[in-house]
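> Predicted model, plus sequence, below.
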Amino acid sequence: MNRFDGDVIVVGAGLIGLAIAFELAERGASVRIYERGEPGRAASWAGAGMLAPYTERIRNEALLDLCAASLAEYPAFVERILAASGIDASLQLDGVIYVAFESDGLQALREQAKALTARHVESRMLDRSETLRAAPWLRGGVLGALLKSGEGRVDNRRLGRALAVACEARGAHIEHSSSITVECDARRVLGVRTDRGFVGAGAVVNACGAWAAQLAGVPRACVPPIEPVKGQMIALATPVGFVRRATWVPGAYLVPRDDGRLLVGATSEASGFDERVTAHGVHELLHASLGAAPALAGFSLTESWAGLRPGTPDGLPFLGPAPLDGLFLATGHYRNGILLAPATARLIADAIETGAASALEPFSMARLGTKAVDPQ
Ligand SMILES: Cc1cc2nc3c(=O)[nH]c(=O)nc-3n(C[C@H](O)[C@H](O)[C@H](O)COP(=O)(O)OP(=O)(O)OC[C@H]3O[C@@H](n4cnc5c(N)ncnc54)[C@H](O)[C@@H]3O)c2cc1C
């Protein structure tokens, strides 16, 4: 029998599970990650890699604070991963532009600029000619833009590969298992049963993304109400540097990669676990992007894909201890899981290591009014 009496088991090797495992392993914990597919290939691969809490217009203060903290942690996070893996995830905090083509939109940006100033967040309104200098590929009818200086992007596919290597380098092994069941008694979690047998652990982290509600063996009261929210994206092959910064236009965002690929995202669809790319989805993305930038029309469309965001009823993630000793939740990151990876990893590692979870209270399952554990 394959028996592992280590400290922590993380189920799910997306960016969230990998980041937690890496953090714990760097702190000296004994960690094992279980994944049924390919590490870093689900939503974490499908995402655009934008690190933009203010552009996202997050309304919940606790979530906005967490996103802002995570953004601030990103440079050190990618440095540590680079040191462990040798892979640079291409972090670029060179600002995000939000453009307006209508006067209402421009007014909304001015109001947002004021609100950001009140929060001491650096941003700057660009007039029409400044906007066209920053993004000469936009349609001439643009009225202006808001530049949020400290936001940016990371190559999330590279980050996933880097984190997987970094985890192994720090001794957090990634195991493949097509079937994983959490085992617990009435008091606490005991470990997981994989297709190779039982593996004991002091703590189990559910980092299963959009599938977190389906993790087998979890007592009903500890099942987070996660719903998949599909996002479709496409990539165009543009000359390197054609689009310099992540840019939001009405109905879409455009995110450049180092190799010239320009990602255009993303739809938002409640369609269950359907991961197909549809004609309608691609049409929506092309309609919005070419409407704002007809200059993109001649480039090749080289890739299309879809992924499932882990959505929650109130838009907040579920982070921290579940109502069963030893079981932890790190899921429901919805549109911001790439951004939230560093802060999630730090706070979940704190909660596991020291039991300190007060910073995670706004994201606890207790907000749903959960009380008793109901072992199955
Ligand atoms: C189109 C799109 C664009 C996005 N853009 C951005 C963006 O610009 N910025 C941003 O911050 N966020 C963005 N997101 C959101 C972000 O991608 C997600 O919030 C984040 O990737 C969630 O990470 P995760 O590790 O929780 O989930 P995932 O990456 O989905 O990983 C979950 C893993 O768990 C595994 N798993 C599930 N169930 C089991 C099980 N029972 N046993 C074993 N393994 C299991 C899965 O196979 C998977 O590998 C985007 C998402 C999409 C879809």
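Perfect, I can see it now. Numbers count the residues shown, from 1 in each chain.
> Beyond the helix or strand where residue 129 lies, next helix or strand please.
Per DSSP states H and E: residue 129 is located in helix 128-134. For helix 128-134, the following helix or strand on the C-terminal side (DSSP H and E) is strand 144-148.
> Please parse the chain into its domains.
8-85+156-225+314-368, 96-150+227-311 (automatic domain parsing).
> most neighbours per residue, which of those domains?
Mean neighbour count (mean count of other CB atoms under 10 Å) peaks for domain 8-85+156-225+314-368 among the domains of the chain, with a mean of 21. Bear in mind the C-beta positions are built from the backbone N, C-alpha and C, glycine included.
> Counting by contacts, list what the helix holding residue 129 packs against.
Here helix 128-134 touches strand 96-100, strand 144-148, going by 3 or more CB pairs under 8 Å, 6 or more residues apart in numbering; DSSP states H and E.
> Tell me which residues are up against that helix.
Outside helix 128-134, the residues that touch it by CB atoms under 8 Å, 6 or more residues apart in numbering are 97, 99, 126, 138, 140, 142-145, 147, 244-245.
> where in the stretch 101-250 of the chain is pLDDT low?
For the stretch 101-250 of the chain, no stretch is flagged by pLDDT under 70.
> Nearest to residue 80 among the contacts of helix 128-134?
Of all the contacts of helix 128-134, residue 80 sits closest to residue 245, with 25.5 Å by CB to CB.
> residue contacts, that closest one?
Taking CB under 8 Å, 6+ apart as the contact definition, residue 245 lies against 94-97, 134-135, 256.
> if you set the cut-off to 7 Å instead, what comes out?
Residues in contact with residue 245 (CB atoms under 7 Å, 6 or more residues apart in numbering) are 94-97.
> which of those lies closest to residue 278?
Residue 278 has its nearest neighbour among these in residue 96, at 27.4 Å by CB to CB.
> Read off the pLDDT value for that closest one.
pLDDT for residue 96: 98.
> again, but for residue 331
Listed pLDDT for residue 331 reads 98.
> What are the boundaries of the helices in the stretch 251-376 of the chain?
279-292, 337-354 (DSSP state H, counting those that start in this stretch).
> returning to that earlier point: need the domains of the chain in JSON lines (columns: distance to the ligand).
Below are the domains of the chain laid out as JSON lines (distance: least, CB to the nearest ligand atom, whole Å):
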{"stretch": "domain 8-85+156-225+314-368", "distance to the ligand": "2"}
{"stretch": "domain 96-150+227-311", "distance to the ligand": "3"}
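> residues in contact with the residue lying closest to residue 68 once chain neighbours are set aside?
Of all residues not flanking residue 68 in the chain, residue 53 sits nearest, at 5.5 Å (CB to CB, 6 or more residues apart in numbering). Residues in contact with residue 53 (CB under 7 Å, 6+ apart) are 64, 67-68, 71, 339.
> Spatially, which residue comes closest to residue 141, not counting chain neighbours?
What sits nearest to residue 141 in space, not counting adjacent residues and going by CB to CB, 6+ apart, is residue 101, at 5.7 Å.
> what's the farthest-apart pair in the contacts of helix 128-134?
The most widely separated members of the contacts of helix 128-134, counting by CB to CB, are 143 and 244 (20.1 Å).
> picking up where we left off before, TSV for the helices of the stretch 251-376 of the chain, including mean pLDDT?
Formatted as TSV, the helices of the stretch 251-376 of the chain follow (pLDDT from 0 to 100):
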stretch	mean pLDDT
helix 279-292	98
helix 337-354	96
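> I'd like to know which of those helices lies nearest to residue 169.
Here helix 337-354 is closest among these (CB to CB), at 15.8 Å.
> Can you name every helix or strand that the closest one contacts?
Applying 3 or more CB pairs under 7 Å, 6 or more residues apart in numbering; DSSP states H and E, one finds that helix 337-354 makes contact with helix 15-26, helix 43-46, helix 61-85, strand 318-321, strand 327-331.
> Ok, which of those comes nearest residue 238?
Nearest to residue 238, of all the helices and strands packed on helix 337-354, is helix 43-46, at 20.2 Å by CB to CB.
> That closest one: how far from the chain's middle?
Offset of helix 43-46 from its chain centre (CA atoms, centre = their mean, to the nearest Å): 8 Å.
> what about it, average pLDDT?
Helix 43-46 shows a mean pLDDT of 98.
> Output it as PDB, restricted to C-alpha atoms.
The C-alpha coordinates for helix 43-46 follow below in PDB (Å, rounded to 0.1, in the frame of the first residue of the first chain):
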ATOM      1  CA  ALA A  43      -8.600  27.300 -15.800                       C
ATOM      2  CA  SER A  44      -5.100  28.300 -14.900                       C
ATOM      3  CA  TRP A  45      -3.900  27.600 -18.400                       C
ATOM      4  CA  ALA A  46      -7.000  29.000 -20.100                       C
END
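> Remind me what that helix packs against, helices and strands.
Checked by 3+ CB pairs under 7 Å, 6+ apart, helix 43-46 has helix 156-169, strand 300-311, helix 337-354 packed alongside it.
> one more time with 10 Å, if that's ok
Under the contact definition 3 or more CB pairs under 10 Å, 6 or more residues apart in numbering; DSSP states H and E, helix 43-46 sits against helix 15-26, helix 156-169, strand 227-237, strand 300-311, helix 337-354.
> out of those, which comes closest to residue 114?
Using CB to CB, the helices and strands packed on helix 43-46 put helix 337-354 closest to residue 114, at 23.4 Å.
> quick one, that closest one and helix 15-26 angle?
Angle, helix 337-354 to helix 15-26, by axes from the mean of the first three to the mean of the last three CA atoms, to 10 degrees: 40 degrees.
> Now do helix 337-354: distance to the chain's middle.
13 Å.
> can you check stretch 98-112 too?
That offset, for stretch 98-112, works out to 26 Å (CA atoms, centre = their mean).
> Other residues contacting it?
By CB atoms under 10 Å, 6 or more residues apart in numbering, the surrounding residues in contact with stretch 98-112 are 52, 54-55, 57, 113, 121, 123, 125-128, 131-132, 134-135, 138-139, 141-148, 151, 246-250, 253, 291-293.
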